[in-house]
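>>> missing the sequence, but the structure's below:
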């Protein structure tokens, strides 16, 4: 497989229904992303004099797809419907904007025939049914879905039931987006939809170190939120404190205050107070990955960089060391024309953001640090 930043690309305009290639581009510049729990975007700018031959390659928005092909893999690294075309007469260029195939779920009605009343349904069974329903909105399958860790790609039971109800007017997107907010993550990689953590884990990758980035990630040791005691308040005057006496283990005294209206008993509040105390009694080591690009020594091919996949990251700074299991949640790939070899699109940069699994705050912190 071609190493990261060593690959070349070909960009194609394809008929969405037949997948017939209408035009091929080997010059220009563009980028695409992969996102956990969201619709990803891509764009490509082409010179119409060189690549379009009298403008015959102007795509038909939403009838054509943008397919970005990496040289080491027969399937598109990214594919999805073109939603916007920008024509710049000064530079004689066309810019194509596209969204991945989850675009079609936003506005596609979910059928209430499957779940007419509130009931407990296995989360993967529900997701599989929603994908089946999506086929109604195209002459061909919109999305090839792969369930990790299952024989022949069939969806296994997640072992977790959710309270589900599809009401008239609900969209496929709102249903899947709601699942992602609570129990089941997803990621689009090319034409494939992957279900991931926490219920069907995407297998872990190799152990990563500083050499796998062009600019090594940062180690950020944050002691600003270290607490010596936690006070939790709930519904109806419920209050719990843990520990009973503020305990200084070397970082000084600071009480953390948390409120949750869903807590109805002192025991629930006390359990949460203890959990928060244990998680915040010492400084947190953040591994900040959003500051640089992956290096050619990265040990996985691009098609295996699936948002939601977990990696063990061991990092040494000048004075600090950190080790943590991190989850890939965002990937951005940039490519463009190079002088040699001529008329080829080279992979210029691959940037990946990682975060502690399930830690939205950590993800925001790491991404913002870049």
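Perfect, thanks for sending it. Keep in mind it's a predicted model, so treat the numbers as computed, not measured.
>>> how much distance is there from stretch 332-348 to the middle of the chain?
Stretch 332-348 sits 25 Å away from the centroid of its parent chain (CA atoms, centre = their mean, to the nearest Å).
>>> which residue ranges form the strands in the stretch 1-150 of the chain?
8-15, 21-25, 29-35, 41-47, 64-70, 76-88, 93-99, 119-122, 144-147 (DSSP state E, counting those that start in this stretch).
>>> mind listing what the strand of greatest length in the chain pairs with, with the direction of each?
Of all the segments of type strand in the chain, defined by DSSP state E, the longest one is strand 321-337. Applying DSSP bridges to the sheet, strand 321-337 is found paired with strand 29-35 (antiparallel), strand 310-316 (antiparallel), strand 345-355 (antiparallel).
>>> and these as CSV, adding mean neighbour count?
Bear in mind the C-beta positions are built from the backbone N, C-alpha and C, glycine included. Below are those laid out as CSV (neighbours: other CB atoms under 10 Å):
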stretch, mean neighbour count
strand 29-35, 21
strand 310-316, 17
strand 345-355, 22
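>>> want to try CSV for those strands, with mean pLDDT and distance to residue 304 as columns?
Output for the strands paired with strand 321-337, formatted as CSV (pLDDT from 0 to 100; distance: least, CB to CB, whole Å):
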stretch, mean pLDDT, distance to residue 304
strand 29-35, 97, 11
strand 310-316, 90, 11
strand 345-355, 93, 12
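>>> Would you mind saying which of the ones you listed lies nearest residue 169?
strand 29-35 (26.1 Å; CB to CB).
>>> which residues sit against that closest one?
11, 40-45, 68, 77-78, 187-189, 305-307, 329-337, 345 (CB atoms under 8 Å, 6 or more residues apart in numbering).
>>> repeat that with 6 Å
40, 42-45, 68, 78, 307, 330-336 (CB atoms under 6 Å, 6 or more residues apart in numbering).
>>> and what of stretch 324-344?
Counting by CB under 6 Å, 6+ apart, residues outside stretch 324-344 touching it are 8-9, 26-27, 29-36, 287, 305, 307, 309-313, 345-355, 357, 363.
>>> What ranges does the stretch 201-350 of the chain have for its strands?
Under DSSP E, counting those that start in this stretch, the stretch 201-350 of the chain gives strands at 218-222, 229-233, 239-242, 255-259, 284-288, 310-316, 321-337, 345-355.
>>> Give me the domain ranges for the chain.
Following automatic domain parsing, the chain resolves into domains at 106-198, 224-282.
>>> Please identify which of the strands paired with strand 321-337 is closest to residue 235.
Of all those, strand 345-355 comes closest under CB to CB, at 31.1 Å.
>>> what distance separates the closest one from the centre of its chain?
14 Å.
>>> what residues does it touch?
Taking CB under 6 Å, 6+ apart as the rule, strand 345-355 contacts 4-5, 7-9, 289-290, 293-294, 326-336, 338, 362-363, 366-367.
>>> follow-up on the earlier one: give me the buried positions along the longest strand of the chain.
322, 324, 326-337 (16 or more other CB atoms under 10 Å).
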